[in-house]
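**Q** only the shape, not the letters, is given here:
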């Protein structure tokens, strides 16, 4: 008799009507049938939470007005009905209290990045995760792209030789004007230290860039020399980040993140060069991985095309030439998270990735504020 | 009291384990929460159908071994439990009998293309659809891309002036070798006249190219001069199509479709030039629409970026720079189909599109077989 | 004792002040120091010819008012002072009389394309060239690009397997408006049958496309099915060409040339697919040759980069990444022409290429005017 | 009576047989007919200099074995026969002595970059130029590209608003292996402090990047924080440069130059963002300038296409779509230099550009060696 593969049950904190990233989580979780959204504390406005739930087809009793209510309500349900995991899609300052509460209540957690608003908070989440037997995933979405995994695998197996250069950039332009003061909710909380933490652009997208650089290169950043700027007058956090990177070993790097690069969309790009060649991947055309070689013609590796590692192929849903995008990359994280919960081993970003990025934020802010050239980022063990 | 928006219920004919397009339909239907797959005749092998259903989390009683069984089983359920619509994802020769049976049983139908294996069969579907009050959608997926809609809207409002040239091409390479004889199921039925109809490459992807050209240009092809080739020895249908097109009015065009363009992936590309400029859209980078002007710099229109029509924006799920792909385009068809069933008016390809493409197939085959230069395609009214 | 390598002496017919292609010839001839322009019949307006000569630094006695005067004047000079070769850069109708006169007077000829305004005229040039011991070169400039030669060599050595598809296109937009009636000299003669011949766009750029397709593929077009259009009202020659091509053997092709593709610049692009892969070259980014393979990743071959044939490297002047362009491609023809005159064997387009393209023009015009599907192009031997 | 426009007479120091940049100067000078190479001290090996001269068609008496001999020989000729200007295409350590000698002998000088091996030497050249009435040009070639000029003009007229970000990079891979020790002459002198100065990659290409950034942005770099690396063991100078830039005003920048980015060719790229949008230009596809706007679609400005400033058009030789490249950019510098010598005012890089780049080299080297975060670059007036 074939066992029926029921979807896992997902709850959501945040992500009500009109939210950006909440809707992405919902679609990414739904795409492959691994998850079904069954509960949510979509808003602290009870009516708004209820309307959000109704629009999503939820049982009205499971559209809660707070995370506390959600936890209490779900725990009151039979084990085979209550949510398996909670997706946290709120501003940063709520990540830690919510994640810790959910983990302690026995739910797995899929949390938006950055992990928290301080490394101390992040450590508290790490401790809560360790104390429980629950899983904690972080939405470093870009590591879910198949050709990012291909790049990582190729570097890990030594195709490029010894790595010398790592260049990562993440250019956006949507904060070029002072929209944080003009009713744009996305902008308002991201530029508010109380809700975003000590990094603006740094925390919002600099962390993605940093994570991608370490994740794909397999190297750790040892120290940074940074420049933070706030180009829009009156803004309370940085909107532009530049940093020199020194990695363990001899590799050198550059990190650039900006939200005032007027006209840019979501320009995350990674380039890594070793002794034998270099690779380039750009998020806005994610199905192509370019590898330039010292001694033979440039190769274009394509999603679904010849030459891919089987592990990359497993991340794809369509034949070559049928583009997959951001939601599919996101869905790869949800799929891996589901597989792990079901007992299979699968990769997704989690506690370690979160702690590294929090240490990165703190090192950059410290360096940018002072006259010392290089500020170290403690290695993972000391975090 | 807010009404809960329950998903519509979908059944599927074909699309069992390992199928390509069936899995795409499942993901596209699931993406936005508009549909839930609840039943299927995934295979005529009862065990395989059951296993497919189990893997999809279906109630085992709704994994049927034939469409007849599905229709009988679903009609035996209460109206608010049975499927609303049937997705037909089988080889071409089953489209007509299945679509007609489903329509007559009171189900809406979302059918793979081409509509049928002959224009007579297609007319029979059209008649069945008209006789019922049910909806019929055809999977001309590429018309679901947001920037295809933007292109269509811009031409319709006259931005390019009078249209003079329409060039469409669809290049694939996956049939370069005789894999149809070597156990590749996708290749085997597509090159078998009994299951595919009179067109090989012509029916499989030439129809997509033709549909896109007419859909976006807003023009009808009046006559064709064509060359069909079968490059792989022993293959029973064409694998390569070339055609000169004359449109109503003075526009001229070219259509190229090939499945033996070795090394090509899924290269569907459309270019349309008018008196004031020309546009270009390519499926493999679908979030960009390029417009070259006679008298000002080339513009790159981007999904989510400035300058889009509100109707295009409504087809997008992510901010600019977060790529959407093939599954999202497909999901736009499922979303429009759901909206229409729910009583809102929305665009999706249907009976008229299907009849045009069947007339196109027949005209191309007739022309390629003879010595006459031009063969007309009857206008829609006469079909 | 090292022999001093003096430049060859060039004369020019046409190409006075403000001319487009004459200035290109002058720069291309000068680039490598192989040629020095010393005489010209730049215009039949004596003052204009003299001014043109003065601006080019010529001895005033060698700025002639007619080709007859040039021939007489140069023959009156000592053999080591008179011109070695004549560049003919006039409208098409003057090519034959001028080329024949120059060849008969003992000068090598470098002639603009198309060779003449009819195949009979072209045959007369061929006869004159054969009767003399002088060389005749034709400005099929695009064959001078290094990566075009690389493409030709790779196909000739069988890298792509058996050729199945040849697609060539040449899109311009500069004749989108009726500028031929509005004082644009370039447009006026190109659309005037008396000066251009029976082909408009066909003769001007369709010939380039045809030449490139045969030159690189190594295949001959056996027959054509064509559509000629004149989109601009009142224009006397075609401004838009579409053709299906059947090659010797089983290869099929498409040729598209247009001068009313509004917004296009000089879009010459060639794609050739064989059983093992396909290549693509585009004139507007001429230093890249893309090869897509059936069974391994796409390769980007770059001017000056790894993997080039030594014959290609010999056509380059700069290291990889330092772009060379149109004038350099043109200069490669002048360099090969000089080498041949000096006694080395070098490739450049000549009489055979010219006769083929004239046969092509006549076949297309005949086919487009009638109801017969296919019109043969006689093989070279019968021309 | 029309005056004949004779070419100016050029001499060359360095650039004998097999030299890279010497041959480029020769072709660039010849392209437009503004210059004729008539003399050279191509090598200190008399035979090699003579053979080089013969291959270039020179009078054997003007192929000298030293610059002293050239100066003496040319000054012995009548004024209307001797060279007008000397091109210096030697390794860096010879620039200053040769330039000063030539200026003092009454010749204009067109010198390779960097200006000298120290800022003191550069100041000595500046003094010599000022003491003479002769002109001094520096081969900052990339500023000769037409679309670089277009970018500069657009920024100067305020199209992009206030400049916030300047990113420049120059990636090469040709020094990835220790070829400086293995007989590669180009590599050997560039990595030898005695001949190259204190910067390796920094002096060779970092200077190009710096010059381009200041030239196009119209801004001066106020201070730098830098990291220099030598990735190839045993190499005596840096082969990899990373720097944070702070400009006068609030603009921030990044500069990256590397000669060990394996697989890269000649990847010079400039991106500048202001409050209203950003532009991007890349040397390897130099005929395109991309402008992304905050509030309207991205524009692609093309060489020869609509929207160009007349000053840009004057730098082009071909219609749009006919690519011009590196030699043409170089020739634009030679053309401007000739025009200035002839009494017309034209722009080319000279003494001021040279002094700035020498100050940049010294600031980067000083910063990279220490622990201080920021090192100022003195403004032009203080140099």
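**A** Good, I have the coordinates. Quick caveat, the model's predicted, so the values are computed rather than measured.
**Q** go ahead and confirm residue A:34 touches residue A:338.
**A** Yes. Applying C-beta atoms under 8 Å, one finds residue A:34 in contact with residue A:338, separated by 4.1 Å. Quick note: C-beta positions are derived from backbone N, CA and C, even for glycine.
**Q** between those two, which contacts overlap?
**A** residue A:8 (C-beta atoms under 8 Å, 6 or more residues apart in numbering or on different chains).
**Q** so between those two, which is more surrounded?
**A** Using other C-beta atoms under 10 Å in any protein chain shown, the more surrounded residue of residue A:34 and residue A:338 is residue A:338, with 25 against 22.
**Q** can I take it that that one is in a helix?
**A** Yes. The assignment for residue A:338 is a helix, going by DSSP: H, G, I helix; E, B strand; the rest coil.
**Q** residue A:255: neighbour count?
**A** 26.
**Q** please name the nearest non-neighbouring residue to it.
**A** Closest residue to residue A:255 apart from its sequence neighbours, by C-beta to C-beta, 6 or more residues apart in numbering or on different chains: residue A:243 at 4.4 Å.
**Q** contacts only, for the residue lying closest to residue A:22 once chain neighbours are set aside.
**A** Leaving out its chain neighbours, the residue that sits closest to residue A:22 by C-beta to C-beta, 6+ apart is residue A:15, at 2.0 Å. Applying C-beta under 8 Å, 6+ apart, we find residue A:15 in contact with A:21, A:22, A:23, A:25, A:26, A:40, A:42, A:52, A:87, A:89.
**Q** recalculate using a threshold of 7 Å.
**A** Neighbouring residues of residue A:15 by C-beta atoms under 7 Å, 6 or more residues apart in numbering or on different chains: A:22, A:23, A:25, A:40, A:42, A:89.
**Q** just the ones of the residues you listed in helices?
**A** A:22, A:23, A:25 (DSSP state H).
**Q** quick one: the residue of the stretch 1-150 of chain A found nearest chain C and residue A:326, what's the gap?
**A** Chain C sits closest to residue A:150 of the stretch 1-150 of chain A, with a gap of 10.8 Å, by C-beta to the nearest C-beta. Distance of residue A:150 to residue A:326, computed by C-beta to C-beta, to the nearest Å: 17 Å.
**Q** out of those two, which sits in the busier spot?
**A** The residue with more neighbours, out of residue A:150 and residue A:326, is residue A:326; 27 against 24, by other C-beta under 10 Å.
**Q** touching, that one and residue B:325? I think so.
**A** No. Counting by C-beta atoms under 7 Å, residue A:326 stays clear of residue B:325, with 8.8 Å between them.
**Q** state the helix or strand in which the residue nearest to residue A:2 when sequence neighbours are not counted lies.
**A** Distances taken as C-beta to C-beta, 6+ apart put residue B:54 closest to residue A:2, at 4.2 Å, once the chain neighbours are dropped. Counting by DSSP states H and E, the element that carries residue B:54 is helix B:46-55.
**Q** about what we covered before: how many neighbouring residues does the residue nearest to residue A:255 have?
**A** 30.
**Q** surely it and residue A:226 touch.
**A** Yes. Taking contacts as C-beta under 7 Å, residue A:243 lies within contact range of residue A:226: 4.1 Å.
**Q** need the residues touching each of these two.
**A** Counting by C-beta under 7 Å, 6+ apart, the shared contacts of residue A:243 and residue A:226 are residue A:364.
**Q** quickly note the distance from residue A:117 to residue A:243.
**A** 20 Å.
**Q** also residue A:378?
**A** When residue A:378 is compared with residue A:243 (using C-beta to C-beta), they lie 16 Å apart.
**Q** swap in residue A:356?
**A** Relative to residue A:243, and taking C-beta to C-beta, residue A:356 is found at 15 Å.
**Q** what's the helix or strand for the residue nearest to residue A:255?
**A** Going by DSSP H and E, residue A:243 is in strand A:240-247.
**Q** next: residue A:345.
**A** Judged by DSSP H and E, residue A:345 forms part of no helix or strand.
**Q** can you list phi and psi of it for me?
**A** phi -90, psi 130 (degrees, to the nearest 10).
**Q** check what pLDDT the residue of the stretch 1-150 of chain A closest to chain C gets.
**A** For residue A:150, the model assigns a pLDDT of 98.
**Q** and if you look at residue A:20?
**A** pLDDT, residue A:20: 85.
**Q** same question for residue A:213.
**A** 98.
**Q** if the closest residue to it other than its chain neighbours is in a bridge, with which residues?
**A** Computed as C-beta to C-beta, 6+ apart, the closest residue to residue A:213 that is not its neighbour in sequence is residue A:168, at 4.3 Å. With DSSP bridges as the criterion, residue A:168 is bridged to residue A:255, residue A:270.
**Q** burial check on residue A:168, number of neighbours?
**A** 26.
**Q** what's the distance between it and chain C?
**A** Going from residue A:168 to chain C by C-beta to the nearest C-beta, to the nearest Å gives 23 Å.
**Q** out of the ones in helices among the contacts of residue A:15, grab the one that's most surrounded.
**A** residue A:25 (28 neighbours).
**Q** ok, for that residue, nearest residue in space, not its chain neighbours?
**A** residue A:87 (5.0 Å).
**Q** tell me which element the closest residue to chain D within the stretch 1-150 of chain A falls in.
**A** Among all residues of the stretch 1-150 of chain A, residue A:150 sits closest to chain D, at 16.8 Å; criterion: C-beta to the nearest C-beta. Per DSSP H and E, residue A:150 falls inside helix A:146-156.
**Q** got the buried residues for that helix?
**A** Neighbour-count burial for helix A:146-156 flags A:146, A:147, A:148, A:149, A:150, A:151, A:152, A:153, A:154, A:155 (criterion: 16 or more other C-beta atoms under 10 Å in any protein chain shown).
**Q** okay, now residue A:79: neighbour count?
**A** Neighbour tally, residue A:79, other C-beta under 10 Å: 8.
**Q** for it, grab phi and psi.
**A** According to degrees, to the nearest 10, residue A:79 has phi -60, psi -30.
**Q** wait, does the lowest-mean-pLDDT helix or strand in chain A contact chain D?
**A** Counting by mean pLDDT, DSSP states H and E, chain A has its least confident helix or strand at helix A:185-190, which shows a mean of 93. No. Judged by C-beta under 7 Å from any C-beta of the partner chain, helix A:185-190 and chain D are separated, with a smallest distance of 14.2 Å.
**Q** mind giving me the packing neighbours of that helix?
**A** helix A:193-196 (3 or more C-beta pairs under 7 Å, 6 or more residues apart in numbering or on different chains; DSSP states H and E).
**Q** state the mean pLDDT of the helix it packs on.
**A** Helix A:193-196 carries an average pLDDT of 96.
**Q** right, and the helix or strand after that helix?
**A** helix A:201.
**Q** and for that next one, what's in contact with it?
**A** Outside helix A:201, the residues that touch it by C-beta under 7 Å, 6+ apart are A:238, A:239, A:240, A:241, A:257, A:258, A:259.
**Q** from those, which is closest to chain B?
**A** Closest to chain B, out of all of those and judged by C-beta to the nearest C-beta, is residue A:259, at 12.1 Å.
**Q** how close does that closest one get to residue A:174?
**A** Taken as C-beta to C-beta, the span from residue A:259 to residue A:174 is 6 Å.
**Q** and if you look at residue A:81?
**A** Residue A:81 is 41 Å from residue A:174, by C-beta to C-beta.
**Q** between those two, tell me which one has more neighbours.
**A** When residue A:81 and residue A:174 are compared for neighbours, residue A:174 comes out ahead with 20 against 12, by other C-beta under 10 Å.
**Q** SS state for the more buried one?
**A** Residue A:174 ends up coil, using three-state DSSP.
**Q** fine, thanks again, bye for now.
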